[in-house]
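Novice: build me a structure from this.
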Amino acid sequence: MPHRLPDPGPLVPVAVAAGLGAAPAALVAALAAGGEMSVVAAGSVAVALALCAGVFGWLWQRDVARLAAALKAAEQGEAPAQLPLFPPLRRIAEAAGRLASGLRARGAEAASHAAAAVRIVARLPDPLVVLGADAQPVALNPAARALLGEDGADLAALLRNPTLRSAIDRALAGAGPQTAEVTLPVPVERDLVATAILLEPPLADGGRLLLVLSDRTRERRLEQMRADFVANASHELRTPLTSLIGFIETLRGPAADDREAQARFLPIMAEQAARMGRLIDDLLSLSRIELSEHTPPTGELDLAVLARRGTEALAPRLAARRMTLTLAVEEGLPHVTGDPDQLAQVIANLLDNAVKYGREGGRISVALRRDGPGGRKGRRRAGVALSVSDDGPGIARVHLPRLTERFYRVDTARSRAVGGTGLGLAIVKHIVNRHRGLFEIESEEGKGSTFTVWLPAAAEPERAEPSRAAPARRDAAQAEPR
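Specialist: Residues are numbered from 1 along each chain as shown. Presented below is the predicted three-dimensional model:
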């Protein structure tokens, strides 16, 4: 390795001039001495040539180091501290700088386009899932995560669907875009149309197939809602409508001038008309709830506040039946994710049932407590349980699984006598389903009934707990969401 000389700084031109001029001067001196080079002159030439070679070697080594530093600076996107002195090396360093600058500009442009594409995909309303060559998920856009859940359990269930799996296999085999209609039964039944599109060439992250999902649940629910409303309305309204028509014909005919008959029939007609109004209101309410059941709510609320309001509004009816009500709220309950109007309707329906079917002069107990992994039921997630209990006659075990069906009544005559429509618990069930919660019923004949609504805490991801099998207790049953 040549010896490193200290950087002479501004003395470089002088050193170069000295090195370049020493050898010619010695040669001229030798020629002046008669054409024969003396030993002294030869030594001078050798020293001058050695000095010139050393200076050039040192300058070349320094410029090579500067060139390497300039290339490294260009790679890191920085300006070089010093450029080489020799023109060839300087031109190489300047060209490398220009090349690096152009590559950085193109890279920034490509990154900008990629970021724009990511933003566009993220804002698309339709769920998009990118699958690899093994049909496993690589990426999901926010709409897909909202539809299928953050933990991916719904996506795994979707990809196991045989119809969709066949469409994915055909698309990966190069058969062109494939479409499949899929129904996800849990946590709430949803109807999806999935389109599988092969990505050619594959994406850099291994993405091989684009799965576009379209949620058709709302459209299907609208069709079903119209059909159900017509069927239910025509069936349930027939009896009160027939009664009204009969009374009207009587009052217009034989009892046209009968004051006693009018006084007796008119209250019955008003009661039947009110019953028809309640039926229509409950049917419309149930239809609206079912229409949005597949879309979970996003707001947060304090369930205890709604429970206090519901119990306070019940005071006149409790006094009329000489019933007492107690409300027990555990301290520090977490908020739940929910729709305040719908959850208020759940509380009102459960309290209404307790007043209607509980024992006159009896007790109603309302309790709110934490119920999570360490709770009484051993839930997988943290949540809040709302229980409404009465000490009425109770419900036979055979009726418990069907209590949340539309228009199902344990005692039809008694239900109509107290103004029941047979839709209250069906409404509760569908609201709880929308909130990804659980609705449970426990009852024993002669010992009263307990209706419990469990809702997940707001801090947790919104997913429903799996439906439980038949209850272990002989005196209890659970109404599972249908």
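Novice: isn't V432 right up against E440?
Specialist: No: with contact defined as C-beta atoms under 8 Å, V432 does not reach E440; the gap is 9.7 Å. C-beta here means a position set from N, CA and C on the backbone, and glycine is covered the same way.
Novice: more neighbours: which of those two?
Specialist: Applying other C-beta atoms under 10 Å to V432 and E440 shows that V432 carries more neighbours, namely 25 against 21.
Novice: surely the more buried one is within a strand?
Specialist: No: read with DSSP: H, G, I helix; E, B strand; the rest coil, V432 is helix and lies in no strand.
Novice: show me the protein divided up by domain.
Specialist: 9-99, 124-215, 217-295, 297-482 (automatic domain parsing).
Novice: mean confidence score for the longest one?
Specialist: If I follow you right, that is domain 297-482. Across domain 297-482, pLDDT averages out at 79.
Novice: show the contacting residues for the spatially most central residue of the chain.
Specialist: In the chain, the centroid-proximal residue (C-alpha atoms, centre = their mean) is A146; its distance is 2.7 Å. Neighbouring residues of A146 by C-beta atoms under 8 Å, 6 or more residues apart in numbering: P127.
Novice: I'd like the numbering to begin with 558 instead of 1 from here.
Specialist: Shifting the count to begin at 558 puts that one at A703.
Novice: any idea how far G889 is from it?
Specialist: Distance, A703 to G889, by C-beta to C-beta, to the nearest Å: 30 Å.
Novice: now do the strands in the stretch 708-857 of the chain.
Specialist: 735-741, 747-755, 766-772, 857-858 (DSSP state E, counting those that start in this stretch).
Novice: a markdown table for those, including mean neighbour count and distance to S946?
Specialist: Shown next, in a markdown table, are the strands of the stretch 708-857 of the chain (neighbours: other C-beta atoms under 10 Å; distance: least, C-beta to C-beta, whole Å):
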| stretch | mean neighbour count | distance to S946 |
| --- | --- | --- |
| strand 735-741 | 17 | 35 |
| strand 747-755 | 19 | 34 |
| strand 766-772 | 20 | 38 |
| strand 857-858 | 16 | 23 |
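Novice: to G810, which of those strands lies closest?
Specialist: strand 747-755 (52.7 Å; C-beta to C-beta).
Novice: and the angle for that closest one with strand 766-772?
Specialist: 160 degrees (axes from the mean of the first three to the mean of the last three C-alpha atoms, to 10 degrees).
Novice: could you list every helix and strand in contact with strand 747-755?
Specialist: helix 719-729, strand 735-741, strand 766-772, helix 774-793 (3 or more C-beta pairs under 8 Å, 6 or more residues apart in numbering; DSSP states H and E).
Novice: partner strands of that strand, with direction?
Specialist: Sheet pairing of strand 747-755 (DSSP bridges) gives strand 735-741 (antiparallel), strand 766-772 (antiparallel).
Novice: now that strand against helix 719-729, angle please.
Specialist: Using the same axes, to 10 degrees: strand 747-755 against helix 719-729 is 20 degrees.
Novice: distance from strand 747-755 to the middle of the chain?
Specialist: Relative to its parent chain, strand 747-755 has a centroid offset of 18 Å by C-alpha atoms, centre = their mean, to the nearest Å.
Novice: residues of stretch 693-710 that come out buried?
Specialist: 694-698, 700-702, 704-706 (16 or more other C-beta atoms under 10 Å).
Novice: try stretch 905-915
Specialist: 905-915.
Novice: picking up where we left off before, what about the residue nearest to the centre of the chain, helix or strand, and which?
Specialist: Element membership for A703 (DSSP states H and E) is helix 699-705.
Novice: before we move on, what about R874?
Specialist: Assigned by DSSP H and E, R874 belongs to helix 872-877.
Novice: next secondary structure element downstream of that helix?
Specialist: strand 881-886.
Novice: in CSV, list the C-alpha atoms belonging to that next one.
Specialist: The C-alpha trace of strand 881-886 is given here as CSV (Å, rounded to 0.1, in the frame of the first residue of the first chain):
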residue,chain,number,x,y,z
THR,A,881,-92.9,-3.5,43.8
LEU,A,882,-89.7,-3.2,41.7
THR,A,883,-86.1,-3.2,42.8
LEU,A,884,-83.2,-2.1,40.7
ALA,A,885,-79.6,-3.3,41.5
VAL,A,886,-76.7,-1.9,39.5
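Novice: next SSE downstream of it?
Specialist: By DSSP H and E, the next helix or strand past strand 881-886 is strand 893-894.
Novice: what packs against that next one?
Specialist: Looks like strand 893-894 contacts strand 857-858, strand 1006-1013 (3+ C-beta pairs under 8 Å, 6+ apart).
Novice: looking at the buried residues of stretch 693-710, which is nearest E746?
Specialist: Closest approach between the buried residues of stretch 693-710 and E746, by C-beta to C-beta: L704, at 13.5 Å.
Novice: quick revisit: and of the strands paired with strand 747-755, who's closest to E962?
Specialist: strand 735-741 (20.9 Å).
Novice: okay, now the unreliable bits of the stretch 558-707 of the chain?
Specialist: 558-602, 613, 634-638, 642-643, 670-672, 674-675, 678, 707 (pLDDT under 70).
Novice: how about the helices in it?
Specialist: 569-589, 596-632, 644-680, 699-705 (DSSP state H, counting those that start in this stretch).
Novice: pipe the buried residues of stretch 905-915 into a markdown table and attach distance to S944 per row.
Specialist: Formatted as a markdown table, the buried residues of stretch 905-915 follow (distance: C-beta to C-beta, whole Å):
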| residue | distance to S944 |
| --- | --- |
| A905 | 15 |
| N906 | 14 |
| L907 | 9 |
| L908 | 12 |
| D909 | 16 |
| N910 | 13 |
| A911 | 11 |
| V912 | 16 |
| K913 | 18 |
| Y914 | 16 |
| G915 | 14 |
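Novice: out of the domains of the chain, the one nearest A667 is which?
Specialist: Taking those one by one with C-beta to C-beta, domain 681-772 is closest: 11.7 Å.
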